[in-house]
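Student: this one's structure only:
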C-alpha cells in the first residue's frame, strides 16, 4: 500500500469513515499541547475536532518532549490520523484533523517556545503523565532535586521539562507585555489544576521572584477530569485500519466508545466551545476527579498488577475471571465509594456498572503491563489517598492493601514463575535495589519499600494498620500466587 493518509486523500476515503467537516487550511493555532501521546489524540484532540467547524481559531500545535516517533508518523500525514472506536458492536473509524503539526522539543526548542509565546496561543494543555510534572507525588510539591529541574534552573532559556517550558514561555510573554495563556492539565494528578499551579509557581520563584508572583496571581490553571481507555496501538491495528482506509496510517489510535471531560470554567483568554462536543463545565472538579482516580484508575492499577502476576495479558482477560471481577466490585463498593462525596444528581451506581462493562470490553486489548507502568507515580493518587481516608474512618483496607502488595511484588522485577518483569518506572532501579535487599522475604520487602517517602510519605509506614494489612497481603501473594490469592480473597473476608 503506497498511498499515505494526508489532506489530498481525504475525499477518497470510504464513505463509512468520518472525516473533518471543516476546511483545514482555515484553521489557526489557539492551543499548544505538550505530550502528544495516544490519550491526547483520542480525547482532547477529538473534542477540539468537533468544534473547529464553528470556530477555526483553536487548532492545535502538538509537541513531543522526548521522542520524535509521533512527529515522524504524523508530519507526512499533515497531522491527520485515524481514531478507531472499538466495542463488541464493531469498529467505527474517524479521521481527526485538529492537530496541524507536531514539534519535537529537543530538535526545535526555539520553534516550540515561539509558538507558546505567540499571543494567539491562549491555552497550553498537557498530557505528560504524572512523572512529567517533576513533582513529589506524596506531597504535590515541585521536586527541586529532579535532574530536569536542576538542568532547567541552570539553563532557564533551554528547558527540558514541562514546568521549565511553560515558565520560560510565560516569562517571554510577560516581557513582551502579552497576557499569559491558560495552563490546562489533563493528567491524573490530585487537584490537578492546583497541583500544576503550585509546581509552576515554585519553579518560577526559583527563576525570578517577581516572575513567581506574576505566575501565582495571573496564570489560570483550571482543574480537569479526563476519562477514556486508550490502549497502545499495535502493528495489527495499523494493518487493519490502513486496509479499511485504503491508505496507510502510520499511527492510528484505538479507544473505547466511552469518553468524559469535566473542566473548571476558568479561561481568561477564552476557550473552545467544548461543551458542544459533550464536555461538562463545572465550578468544582474535585468530586469527579476523586470518583475517576479512585474508582477507575485505582481499580485499573489493582487489576494490572494482580492480573499481570497471574499471567493475564489484558484487562478483559483478568475480568473474565469471576474472582477478579468480584474483587474489583468489592473494591469499588466497599472501600472506595464510602470515601466519595459527589454532588446531587451524580449516579455512582451507573458509573461503576459502566466501568465493569468497559473493563470487560474484549475489543479493547488494554495490556496489564501498559497500565502497570510508572506505578511509583500513580500509587499515591490511585490507591493511597483512598487508604488514608479509610484509615481516618477506622475502616477496612483489605482490597486496597492487596493492590499495594501486588505492586510491591511486581516491582521486584521477577514474576511468580521466575521470569523477569520489564518494570518501566522512573524509580525502577532504586526499587530493584530495595527489593534485592529483602532476599525474598515479604515482610522485609514491604518494609524496604515503605522507606520510599515519595510514594508512602511518613504517615503510612508509621501506621500499623496499613503495614500489617500490606504485609499480610504480600505474604499471601508469595505463598499462593496472585490467581489463588484473588480466588480465595472474598471468602477469606467473610470467614469467621
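Tutor: Yes, it's here. Please read these numbers as outputs of a predicted model, since none were measured by experiment.
Student: Can you get me a residue count around the nearest residue to residue 255 once chain neighbours are set aside?
Tutor: Distances taken as Cβ to Cβ, 6 or more residues apart in numbering put residue 42 closest to residue 255, at 4.2 Å, once the chain neighbours are dropped. C-beta: built from backbone N, CA, C; applies to glycine. Using other Cβ atoms under 10 Å, residue 42 is surrounded by 23 other residues.
Student: Pull the contacting residues for residue 42.
Tutor: 83, 228, 230, 253, 255, 259 (Cβ atoms under 8 Å, 6 or more residues apart in numbering).
Student: Phi and psi next, for residue 264.
Tutor: The phi/psi pair for residue 264 (degrees, to the nearest 10) reads phi -70, psi 130.
Student: scratch that, residue 105 is what I was asking about
Tutor: The phi and psi values for residue 105, taken as degrees, to the nearest 10, are phi -50, psi -50.
Student: same check, this time on residue 156
Tutor: According to degrees, to the nearest 10, residue 156 has phi -60, psi -20.
Student: so it touches residue 165, yeah?
Tutor: No. With contact defined as Cβ atoms under 8 Å, residue 156 does not count as touching residue 165 (10.4 Å).
Student: Which one's more surrounded, these two?
Tutor: Using other Cβ under 10 Å as the criterion, residue 156 and residue 165 rank with residue 165 on top: 24 against 18.
Student: for the closest residue to the more buried one other than its chain neighbours, what are its contacts?
Tutor: Once flanking residues are discounted, residue 165 sits nearest to residue 159: 4.9 Å by Cβ to Cβ, 6+ apart. Going by Cβ under 8 Å, 6+ apart, residue 159 touches 109, 151-152, 165, 167-168.
Student: where along the stretch 251-400 of the chain do the strands fall?
Tutor: Here the stretch 251-400 of the chain has its strands, by DSSP state E, counting those that start in this stretch, at 253-255, 260-264, 280-282.
Student: Let's have those strands in TSV, adding mean neighbour count and distance to residue 411.
Tutor: Shown next, in TSV, are the strands of the stretch 251-400 of the chain (neighbours: other Cβ atoms under 10 Å; distance: least, Cβ to Cβ, whole Å):
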stretch	mean neighbour count	distance to residue 411
strand 253-255	25	28
strand 260-264	21	30
strand 280-282	15	36
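Student: closest to residue 371 out of the ones you listed?
Tutor: strand 253-255 (14.6 Å; Cβ to Cβ).
Student: So what touches the closest one?
Tutor: Outside strand 253-255, the residues that touch it by Cβ under 8 Å, 6+ apart are 38, 41-42, 81-86, 228-231, 233, 237, 364.
Student: do stretch 352-372 as well
Tutor: Around stretch 352-372, the neighbours that count as contacts under Cβ under 8 Å, 6+ apart are 86-88, 91, 229, 231-232, 234, 254-256, 258, 295-296, 299-301, 303-305, 307-308, 312-316, 318-320, 325, 328-329, 332-333, 337, 410, 422-424.
Student: Can you turn the buried part of those residues into a PyMOL selection?
Tutor: Only the buried entries of these go into this PyMOL selection, using 16 or more other Cβ atoms under 10 Å:
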select buried, resi 86+87+229+231+254+255+256+295+296+299+300+301+303+304+305+307+308+312+314+315+316+318+319+325+328+329+332+337+410+423
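Student: What about the contacts of stretch 352-372, which are in helices?
Tutor: Those of the contacts of stretch 352-372 mapping onto helices are 299-301, 303-305, 307-308, 315-316, 318-319, 325, 328-329, 410, per DSSP state H.
Student: farthest pair in the contacts of residue 42?
Tutor: Across the contacts of residue 42, no pair lies farther apart than 253 and 259, at 12.4 Å, counting by Cβ to Cβ.
Student: Just the closest of the contacts of strand 253-255 to residue 67, please.
Tutor: Of all the contacts of strand 253-255, residue 67 sits closest to residue 38, with 12.7 Å by Cβ to Cβ.
Student: what's the burial count for that closest one?
Tutor: Neighbours of residue 38 (other Cβ under 10 Å): 20.
Student: ok, now residue 193?
Tutor: By other Cβ under 10 Å, 23 other residues sit near residue 193.
Student: what comes up buried for the helix or strand where it lies?
Tutor: For residue 193, the host element (DSSP states H and E) is helix 192-207. Buried residues in helix 192-207, defined by neighbour count with 16+ other Cβ under 10 Å: 192-207.
Student: Please apply the same query to stretch 238-246.
Tutor: 238, 240-242, 244-245.
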